[in-house]
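>>> Structure of the sequence below:
(2 chains)
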2 protein chains.
Amino acid sequence: MKAIFSVANNQFKQSDIKTPSVSGYDVLVQVKSVSVNPVDVKVASTLESGNQKILGYDGVGVIKEMGEHVSGFELNDRVFFSGSNIRSGSNAEMEVIDSRIIAHAPLELSDADAASMPLTSITAWESLFEKMALIPKADANHQTILIINGAGGVGSVAIQLAKWAGLKVIATASRPETIDWVKKMGADQVINHRLDLKEQLGDEKIDLALILHSTDMYLPQLASIVAPEGIIVSIVENEHPIEIGLLKDKSISFAWEFMFTKTKYQVDVQSQGMILAEVSKLLDQKLIKSTTTKIIDGFLVDSFEKAYQLVRSNRMIGKVVIKY
Amino acid sequence: MKAIFSVANNQFKQSDIKTPSVSGYDVLVQVKSVSVNPVDVKVASTLESGNQKILGYDGVGVIKEMGEHVSGFELNDRVFFSGSNIRSGSNAEMEVIDSRIIAHAPLELSDADAASMPLTSITAWESLFEKMALIPKADANHQTILIINGAGGVGSVAIQLAKWAGLKVIATASRPETIDWVKKMGADQVINHRLDLKEQLGDEKIDLALILHSTDMYLPQLASIVAPEGIIVSIVENEHPIEIGLLKDKSISFAWEFMFTKTKYQVDVQSQGMILAEVSKLLDQKLIKSTTTKIIDGFLVDSFEKAYQLVRSNRMIGKVVIKY
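Numbers count the residues shown, from 1 in each chain, chains lettered A, B, ... in the order given. This next block holds a predicted model:
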């Protein structure tokens, strides 16, 4: 099978490698589409000379082989999945993946539209319904959430899931295109993250906040914005030690959301398959929509170069997908 | 009425002041006993010359007057309560307190035994059953909790409540007396917080951790001890910015518990009365016990000096109470 390896200096290399066989909970999937996330770009940039890695943590494909413990799936089922950062990813014709973290792909969506959803949906779902302990049910919640950087991959799904669950959603964006996009995703209000947030929010009570850009920059601001007993979740690692004491007077909680934790440490792994099954249903029922905004054709080094360049630009709205 | 004011330089001053009258949700309570907490000593040490404050956030007494919105209580009811750090406390013959944060005192306990419980019970309860989202029911939980500094006021109640709720409790202590005490409170295992925690814990899976001493010192250690998706709660303000990024790889949550948040910001205030009512029941049913270890007699400056000295020593086991 062919695989696209990420190598040092942000380069790619296509190689022929042996198609793996599977056992246990694993399935072998023929990948049809992959999407590129900021984590790919980040990991790729850290590869040292001599290292190589098959990245890609958002795939859609068809099951071609199954381990002896797999249940709930059949050969030739069309599935979607994110994956685990300690295994090889979807930048390959075939991928081995734990069947407990996959789900049937949404029937109503093309491969390219489905491929953008798994990693960001799991991240947004775990943030909202695990870390913030919201109820994962339509209109079941009535708090207000502030989403810092609403137009990226996770933001685009988080806005939609939060709206579905009944929350009032205030998202940040700064360019005309991103402001339009977060409104399209369902944000009730958009404020500019380049200006003073507190001033723009006025008396609005913010129960929850989701940081999707620069924890260093936004956590201190949120200390004065988030309501007493509120919860802040972040997916962006801080670069410097944080003045977390700012949250004490209001007894605000801070939680990290890192979607690879469960697979890396084998904790509650099957919950990610269940989350994807729910997301697949929501997509088929058109209660949320795909965030794919750009499709690049062809399983080629050139396609990956283009897609990574887009993600690296930091100006991506929604997601970029490569169709094999 | 007589009141003991804390003034600058850790001094006290007894004064006669006008007995306040009450309205709204407030009741006027004749205080019978008060206990001293680390927060009293901390606030007292920050008073500048010319400032004075009636401290004391743990009282037992009898209702002598009621505001027009008070319900659930009658004149002469015996109640216990912690209070609010933005109002005057229990270091006085009479105290005005919001009826929504008081409860009937445990019938089976003396004033001196009841007085040690409110502030620490509310703190421990909110830590376990709100911030850690454990179920406040006998034997309803099966995780393991590590309590850093088990022998202090909050630790002594937290161990008991955690055991009642079904958790496995590992507490830290370092002196023979404190080790004995935390065992008496119900700890399943005691480790020494002056030695390497991880080494002593071996393969033990720690789901939850409660920091009751030096967040600066213990949070970094707990990053490598607490299980993936675990929760760390602290009540001790950090002195320096914290490397909170250490918690990201395992998606560990960090929450502050500060029991004065609810009254200060008027958020979910009545929950503290409900917590105390539950604690009162548990005390009467002997499912948990008072943590009073030292009783000082007399509403006198001298009594407060002795009690504050004990708390300042940092060697207090359980709680010190002043009986009026």
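
>>> what comes into contact with the strand or helix carrying A:Ala44?
A:Ala44 belongs to helix A:38-45 when assigned by DSSP states H and E. By Cβ atoms under 8 Å, 6 or more residues apart in numbering or on different chains, the residues outside helix A:38-45 that reach it are A:6, A:10, A:53, A:55-57, A:85, A:89, A:119, A:152-153, A:308, A:311-312. All C-beta spots, glycine's among them, are computed from the backbone N, C-alpha and C.

>>> The next helix-or-strand element following it pairs with which strands?
Of the helices and strands lying after helix A:38-45 in sequence (DSSP H and E), the nearest is strand A:52-53. The pairing partners recorded for strand A:52-53 under DSSP bridges are strand A:2-7 (antiparallel).

>>> just the angle between the strand it pairs with and helix A:38-45, please?
70 degrees (axes from the mean of the first three to the mean of the last three Cα atoms, to 10 degrees).

>>> contact partners of strand A:2-7?
Contacts with strand A:2-7, where a contact means Cβ under 8 Å, 6+ apart, come from A:12-17, A:40, A:43-44, A:47, A:51-55, A:88, A:91-93, A:299, A:301, A:304.

>>> Name all residues that make contact with A:Glu93.
Contacts of A:Glu93 (Cβ under 8 Å, 6+ apart): A:Met1, A:Lys2, A:Ala3, A:Gln30, A:Val31, A:Phe299, A:Tyr324.

>>> By neighbours, which of those residues wins?
Using other Cβ atoms under 10 Å in any protein chain shown as the neighbour test, the contacts of A:Glu93 are led by A:Val31, with 26 neighbours.

>>> That one and chain B, how far apart?
27 Å (Cβ to the nearest Cβ, to the nearest Å).

>>> Would you indicate which residues of the helix holding A:Ala44 are buried?
Going by neighbour count (16 or more other Cβ atoms under 10 Å in any protein chain shown), the buried part of helix A:38-45 is A:Pro38, A:Val39, A:Asp40, A:Val41, A:Val43, A:Ala44.

>>> If you average the pLDDT over it, what comes out?
What helix A:38-45 shows for mean pLDDT is 95.

>>> Kindly report the same for stretch A:203-213.
On average, the pLDDT along stretch A:203-213 is 97.

>>> And that stretch, end to end?
24 Å (Cα to Cα, to the nearest Å).

>>> ok, the lengthiest helix in chain A near chain B or not?
Of all segments of type helix in chain A, defined using DSSP state H, the longest is helix A:270-284. No: under the criterion of Cβ under 8 Å from any Cβ of the partner chain, chain B is not reached by helix A:270-284; the shortest gap measures 9.9 Å.

>>> Alpha carbons of that helix, as CSV, please.
Taking Å, rounded to 0.1, in the frame of the first residue of the first chain, the C-alpha atoms of helix A:270-284 are listed here in CSV:
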residue,chain,number,x,y,z
GLN,A,270,-15.2,3.2,23.6
SER,A,271,-16.7,6.6,24.5
GLN,A,272,-15.1,8.1,21.4
GLY,A,273,-16.9,5.6,19.2
MET,A,274,-20.2,6.4,20.9
ILE,A,275,-19.6,10.2,20.5
LEU,A,276,-19.0,9.7,16.8
ALA,A,277,-22.1,7.6,16.4
GLU,A,278,-24.1,10.5,18.0
VAL,A,279,-22.4,13.0,15.7
SER,A,280,-23.2,10.8,12.7
LYS,A,281,-26.8,10.8,13.6
LEU,A,282,-26.9,14.6,14.2
LEU,A,283,-25.3,15.1,10.7
ASP,A,284,-27.7,12.8,9.0
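
>>> Which neighbouring elements make contact with that helix?
Helix A:270-284 sits against strand A:78-81, strand A:102-104, helix A:118-125, helix A:261-265, with contacts defined as 3 or more Cβ pairs under 8 Å, 6 or more residues apart in numbering or on different chains; DSSP states H and E.

>>> Next, the angle from that helix to helix A:118-125.
100 degrees.

>>> what does helix A:270-284 contact?
Residues outside helix A:270-284 that contact it (Cβ under 8 Å, 6+ apart) are A:80-82, A:99-109, A:114, A:117-118, A:121-122, A:125-126, A:136, A:161, A:164, A:259, A:262-263, A:288-290.

>>> how about 6 Å then?
A:100-103, A:106-109, A:118, A:121-122, A:125, A:262, A:288 (Cβ atoms under 6 Å, 6 or more residues apart in numbering or on different chains).

>>> Sitting in strands, which of the contacts of A:Glu93 do you find?
Using DSSP state E to define strands, the subset of the contacts of A:Glu93 located there is A:Lys2, A:Ala3, A:Gln30, A:Val31.

>>> Quick one: neighbours of the residue nearest to the second one when sequence neighbours are not counted, just the number.
In space, not counting the residues next to it along the chain, A:Ala3 is nearest to A:Ala92; the distance is 3.7 Å by Cβ to Cβ, 6 or more residues apart in numbering or on different chains. Here the number of neighbours of A:Ala92 (other Cβ under 10 Å) works out to 28.

>>> One more: the one 3 residues further on?
Applying the criterion other Cβ under 10 Å, we find 26 residues in the vicinity of A:Glu95.

>>> Quick check: it is in a strand.
Yes: with DSSP: H, G, I helix; E, B strand; the rest coil as the criterion, A:Glu95 is located in a strand.

>>> Does it touch A:Val27 like I think?
No: the pair A:Glu95 / A:Val27 is not scored as a contact, 9.0 Å apart, by Cβ atoms under 6 Å.
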